[in-house]
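S.K.: Below: sequence and its predicted model.
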Amino acid sequence: MKILAIGDIFGECGVEHVSMVLRSLKIDEDIDFCIANGENTSGTGMTVSDYDKLYDAGVDAFTMGNHTFGKKDIFKILENETNIVRPANFPDGTPGVGSRVLKCKNKKIGIINIMGRVDISISLDCPFRTIDREIEKIKPLCDFIVVDFHAEATSEKKAMMFYLDSRVSVLYGTHTHVQTADETVTKSGMGYITDLGMTGAEDSVLGVKKEIILKRFINALPQKFEYAYSRAVLCGAVFEIDETTHKCVCVKRICVR
């Protein structure tokens with residue numbers, strides 16, 4: 001089974017690009033199931049319109065992150081849709097769930113979303129203790145588990161790699177919007193990459209107009225963010241899972257322009 005994980009989809013440019021290229025990409029790469037990080041689809045947060053566009057384009061499941069609640073539409077999405085998870089280590093009582101089990105072909109895929117705490121300006125429960133709880137909850141219900149670790153620090157993501165090795169089939173990072181070149185399959189058969197990268201305007205700084213970010217760095221003055229719109233790139237990775245052992249046997253980074 002091949003699972004495509006798409007890095008943070010940023011803004012209108014990213015949503016439109018996914019709508020244009022995803023179906024052919026799924027055919028070309030023989031993809032069975034597609035998971036995308038959607039917390040930036042509407043800049044900060046997700047609207048119902050962008051959810052619908054991406055689902056219609058071929059995204060099967062969505063994970064989120066620190067901007068989960070950036071748009072009020074998310075409350076309706078979390079209430080009505082069964083293919084979306086938000087970080088499991090949000091405080092108790094937060095709308096939505098941090099893990100789900102979804103079916104694909106004859107397999108049950110467990111999906112967990114977790115968020116780091118290093119340089120993240122949200123009060124969160126410990127991601128390591130939280131992931132223990134979520135794995136214990138869904139492991140009896142699924143064939144294998146995929147984890148999106150939405151975190152800033154590469155050290156925290158690498159630590160999670162060692163913590164989860166042999167316990168899940170796939171672990172990938174999101175949030176930094178920069179694709180890393182460290183994709184690997186561990187000895188125990190877990191597929192890993194520190195960050196999938198961003199899906200959005202290539203001529204930008206993490207999806208924002210470069211001129212604005214340059215002024216911010218050079219003058220050290222606040223600047224209103226404006227989202228870039230230019231030639232786009234879809235960044236992510238394809239994880240191939242052995243359908244008998246449920247171990248990852250291959251990880252392939254992708255960038256589709």
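M.R.: Good, I have the coordinates.

S.K.: would you list every one of the strands in the stretch 1-150 of the chain?
M.R.: Counting by DSSP state E, counting those that start in this stretch, the stretch 1-150 of the chain has strands at residues 2-6, 33-37, 61-63, 99-104, 107-115, 144-150.

S.K.: Send me the longest one as PDB with only the CA atoms.
M.R.: Meaning strand 107-115. In PDB, the C-alpha atoms belonging to strand 107-115 read as follows (Å, rounded to 0.1, in the frame of the first residue of the first chain):
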ATOM      1  CA  LYS A 107      -6.800  -2.100   5.600                       C
ATOM      2  CA  LYS A 108      -7.600   0.000   8.700                       C
ATOM      3  CA  ILE A 109      -5.200   3.000   8.900                       C
ATOM      4  CA  GLY A 110      -4.700   4.700  12.300                       C
ATOM      5  CA  ILE A 111      -3.900   8.400  12.000                       C
ATOM      6  CA  ILE A 112      -2.600  10.400  14.900                       C
ATOM      7  CA  ASN A 113      -1.800  14.200  14.900                       C
ATOM      8  CA  ILE A 114       0.500  15.500  17.600                       C
ATOM      9  CA  MET A 115       2.200  18.900  18.200                       C
END
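
S.K.: what helices or strands is that strand leaning on?
M.R.: strand 61-63, strand 99-104, helix 127-138, strand 144-150 (3 or more C-beta pairs under 8 Å, 6 or more residues apart in numbering; DSSP states H and E). Quick note: C-beta positions are derived from backbone N, CA and C, even for glycine.

S.K.: What residues sit buried inside it?
M.R.: Across strand 107-115, burial judged by 16 or more other C-beta atoms under 10 Å covers 107, 109-115.

S.K.: The fourth one too?
M.R.: When neighbours are counted by 16+ other C-beta under 10 Å, the buried residues of strand 99-104 are found to be 99-102.

S.K.: top helix in the protein by residue count?
M.R.: Secondary structure of the chain per DSSP state H: the longest helix is helix 11-28.

S.K.: Next, the angle from that helix to strand 33-37.
M.R.: When axes from the mean of the first three to the mean of the last three C-alpha atoms, to 10 degrees is applied, the directions of helix 11-28 and strand 33-37 differ by 160 degrees.

S.K.: got the angle between helix 11-28 and strand 2-6?
M.R.: 170 degrees.

S.K.: Can I get the helices and strands packed on strand 107-115 in a markdown table including mean pLDDT and distance to residue 226?
M.R.: Formatted as a markdown table, the helices and strands packed on strand 107-115 follow (pLDDT from 0 to 100; distance: least, C-beta to C-beta, whole Å):
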| stretch | mean pLDDT | distance to residue 226 |
| --- | --- | --- |
| strand 61-63 | 98 | 25 |
| strand 99-104 | 98 | 34 |
| helix 127-138 | 98 | 32 |
| strand 144-150 | 98 | 24 |
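
S.K.: and residue 41, which of these is closest to it?
M.R.: Between residue 41 and the helices and strands packed on strand 107-115, the shortest separation by C-beta to C-beta is 8.8 Å, and it involves strand 61-63.

S.K.: Can you tell me what sits against that closest one?
M.R.: Applying C-beta atoms under 8 Å, 6 or more residues apart in numbering, the external contacts of strand 61-63 come out as 33-39, 46, 51, 54, 83-86, 100, 102, 111, 113, 148, 150, 174.
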